[in-house]
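Asker: Sequence and predicted structure below; questions after.
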Amino acid sequence: MANSYLDISGVSIEFPTPNGPFKALDNVNLKIEKGEFISLIGHSGCGKSTVLNIVAGLYNATQGGVILQGKEVLQPGPDRAVVFQNHSLFPWLTCYENVRLAVDKVMKGKPKAERHEWTEYNLELVHMGHAMHKRPDEISGGMKQRVGIARALSMQPKVLLMDEPFGALDALTRAHMQDSLTEIQAELNNTVIMITHDVDEAVLLSDRIVMMTNGPAATIGEILHVDLERPRERLELADDPTYNHYRAEVLKFLHERHAKKDVPQSTKKATTTTSDAADKKEEDKKDVAA
Ligand SMILES: Nc1ncnc2c1ncn2[C@@H]1O[C@H](COP(=O)(O)OP(=O)(O)OP(=O)(O)O)[C@@H](O)[C@H]1O
């Protein structure tokens, strides 16, 4: 069989703790093809970020490993860009300068004009061209997250790793960001691994949804192939039986087959997110009020 683009193979990890080693992941196996959009979903603390950190090269697996295009991942590198939940922009630099910094790193030796153009191109791609000379404290949370995505995309990574990229945003901004990401994905065909707690977000964006069991020693429980045509329109999908079937499958996995034992029964049903449903509802209320 031909090698896959990204191969997460037999990955287990133990963290040293004062009470002895803690096995967070056990035998995680996942093969990802170029251009695939993968969502990782699972209850809080199951090990999603740990998987992402291992692919990023920030953690090394205790057993198994990650191969990207035939090369073992042993440390972080510009071929794997990470976007975190809380944007990590330098506050003293403008949006342009924040992206330019990354561009200068990956396009060392290229003419200045080319680097400038590429910086602008990526900011335009996330619809931030109009505010590129503002500093992070002058723009909204959603806009900051756009700049973070522009910075990651500008590095032309082989894999884009996103750890709840829209988790801190209000519901309306989150929907706009999801739409932007869909557009960018259609244009660039990036290979993406995205952690999310939002079932609708996972179904809307993904080719496959990877559902993780609860920890310790978490692993992949099930993988759902989302066979919905692209482009996907959120309003049309709301009444689409196939979409609703996928959504129900993920909810069943999370709230029936792998319910968290410490979650009371009453809160297990009819939540669309895995852990922050209550917070989200509060947020949604605020959005409606705004
Ligand atoms: N550096 C570390 N040292 C010790 N334990 C760790 C470390 N990193 C993660 N863990 C533990 O590994 C488990 C998985 O953590 P991880 O952050 O990957 O979960 P997660 O699914 O991303 O959680 P959340 O959805 O809440 O962000 C947790 O029990 C966590 O406490």
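Answerer: Here it is on my side, so go on.
Asker: Please report how far Leu169 lies from the ligand.
Answerer: Distance from Leu169 to the ligand, counting by CB to the nearest ligand atom, to the nearest Å: 16 Å. The C-beta positions use only the backbone N, C-alpha and C, and glycine is treated the same way.
Asker: Check Gln145 too.
Answerer: Gln145 is 17 Å from the ligand, by CB to the nearest ligand atom.
Asker: The helix or strand in which that residue is found packs against which elements?
Answerer: Per DSSP states H and E, Gln145 falls inside helix 141-154. Of the remaining helices and strands, those touching helix 141-154 by 3 or more CB pairs under 8 Å, 6 or more residues apart in numbering; DSSP states H and E are strand 80-83, helix 95-106, helix 112-125, helix 171-188.
Asker: Okay, now the sheet partners of the shortest one, with direction.
Answerer: Spelled out, it's strand 80-83. strand 159-163 (parallel) (DSSP bridges).
Asker: Please determine how far the residue in the stretch 101-250 of the chain that the ligand sits nearest to is located from Val126.
Answerer: Nearest residue of the stretch 101-250 of the chain to the ligand (CB to the nearest ligand atom) works out as Gly215 at 5.2 Å. Here the distance between Gly215 and Val126 works out to 34 Å (CB to CB, to the nearest Å).
Asker: What of Val250?
Answerer: In terms of CB to CB, Val250 sits 27 Å off from Val126.
Asker: ditto for Lys110
Answerer: Distance from Lys110 to Val126, by CB to CB: 21 Å.
Asker: What of His43?
Answerer: 31 Å.
Asker: Repeat that for Asp79.
Answerer: 21 Å.
Asker: before we move on, what about Gly141?
Answerer: 14 Å.
Asker: Which one of Gly215 and Val126 is surrounded by more residues?
Answerer: Taking neighbours as other CB atoms under 10 Å, Gly215 and Val126 compare with Val126 leading, 23 against 20.
Asker: so who does the more buried one touch?
Answerer: For Val126, the contact set (CB atoms under 8 Å, 6 or more residues apart in numbering) comprises Arg146, Val147, Ile149, Ala150, Leu153, Ser180, Ile184.
Asker: Right, I'll call it a day here.
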